[in-house]
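> this one's sequence-less:
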């Protein structure tokens, strides 16, 4: 019955009426995972800087805490907090807080062995970090979340999102998808098999995409927390259909055909742009070619494009490979001119799950096309 804890691994400076400790071992993740090790298999996800003391990792390992999820970033500093306690130990004063390596935009890297952990404790930390972790865990049985006034006062909207995600295991984005026009250019080859049966294949360039609208509406009765974003996605693909084509000819002038078979496609690039529909601000553009990257800086309010919603456990926003069923019909005039219609129904979920807002959706291509051509 393993327990997965995410939280800070930090240095704490403590001042109390009974003593003083400078840069002692601290952090919600450290203390929760250490305590859990007395009762069950304990796993820790967190991040530390190059100044982290190896003996602290040794202390956790001595209790059997699995540290495969503890990331080290040598160029950064470990999270630091200092505070003062009084005679009433329930009261304290924060003197200094430096998020450093575990900032508000820290997105955890989740080992494969952790993703089926049934029990999860979200130690005190950024709700954005916690939500990214929940997205990577496959159907946990129980999730317990902790927070404090620093996040309640400074990140209230994200805390509300955090509560919903912890309770129901999903990010409350509603997604509406609308059609988008594109182009389809290529060369087609007809291979005769029988008198009226042909194989219809070729190589095409096609642009696919969609116009999407994301809606965040966590609690409709709570001060109107509602945000809307729109995204314009374009993908560039190489497409190869392989269709069986039945054809019937009328008096050598007209030929009708019905086509059915699979298609295969591979995406080699594209872009997605996002804006906030509430105020019209552009949140930037992402280049989907090769290694995805932001090519235009997002605004400070960015929720969809910034690091806060990028899942480092996934490499692609859109998976490049696609396949499905292609069905169409057309007519050839005077053996030269062709006009027809075609419908592609994708069978592959092309959602790469790198964008957190899309993680809980299956995305499949559905393309209707009107085609004209000339037979050589």
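Arrived safely, thanks for sending. Just so you know, these numbers come straight off a predicted model, no measurement behind them.

> in the chain, which spans are helices?
Listed in chain order, the helices found in the chain under DSSP state H are 28-36, 54-62, 127-136, 149-154, 156-168.

> Compute the mean per-residue pLDDT across the last one, please.
The predicted model assigns helix 156-168 a mean pLDDT of 49.

> Equivalent analysis for stretch 338-355, please.
86.

> can you check stretch 326-334 too?
The model assigns stretch 326-334 a mean pLDDT of 95.

> now do stretch 19-33
Mean predicted lDDT for stretch 19-33 stands at 94.

> Sort out which residues of it are buried, please.
Within stretch 19-33, the residues scored as buried using 16 or more other CB atoms under 10 Å are 25-33. In this view, the C-beta of every residue, glycine as well, is placed from N, C-alpha and C.

> how about JSON lines for the residues you listed, with distance to residue 11 added?
Shown next, in JSON lines, are the buried residues of stretch 19-33 (distance: CB to CB, whole Å):
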{"residue": "25", "distance to residue 11": "7"}
{"residue": "26", "distance to residue 11": "6"}
{"residue": "27", "distance to residue 11": "8"}
{"residue": "28", "distance to residue 11": "13"}
{"residue": "29", "distance to residue 11": "13"}
{"residue": "30", "distance to residue 11": "10"}
{"residue": "31", "distance to residue 11": "13"}
{"residue": "32", "distance to residue 11": "17"}
{"residue": "33", "distance to residue 11": "17"}
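
> what's the closest of those to residue 76?
Nearest to residue 76 among the buried residues of stretch 19-33: residue 27, at 14.9 Å, using CB to CB.

> what's that closest one sitting at in phi/psi?
phi 110, psi 140 (degrees, to the nearest 10).

> what residues are up against it?
Residues in contact with residue 27 (CB atoms under 8 Å, 6 or more residues apart in numbering) are 7-10, 12, 46, 79, 123.

> go on, residue 327?
By CB under 8 Å, 6+ apart, the contact list for residue 327 reads 259-260, 342-343, 345.

> Roughly how far does the most far-flung residue of the chain relative to its centre sit from residue 338?
Seen from the C-alpha centroid of the chain, the residue lying at the greatest distance (CA atoms, centre = their mean) is residue 251, 56.4 Å away. Between residue 251 and residue 338 the computed distance is 18 Å (CB to CB, to the nearest Å).

> got it, and residue 281?
Counting by CB to CB - residue 281 and residue 338 are separated by 46 Å.

> same check, this time on residue 273
35 Å.

> Please apply the same query to residue 94.
73 Å.

> Looking at these two now, which is surrounded by more residues?
residue 338 (17 against 12; other CB atoms under 10 Å).

> Verify the contact between that one and residue 329 for me.
No. Here residue 338 lies out of contact with residue 329, judged by CB atoms under 8 Å, at a distance of 11.3 Å.

> In this structure, where is pLDDT below threshold?
Along the chain, segments meeting pLDDT under 70 span 103-105, 149-175, 215-227, 278, 283-284, 286-317, 353-361.

> Alright, I will stop here.
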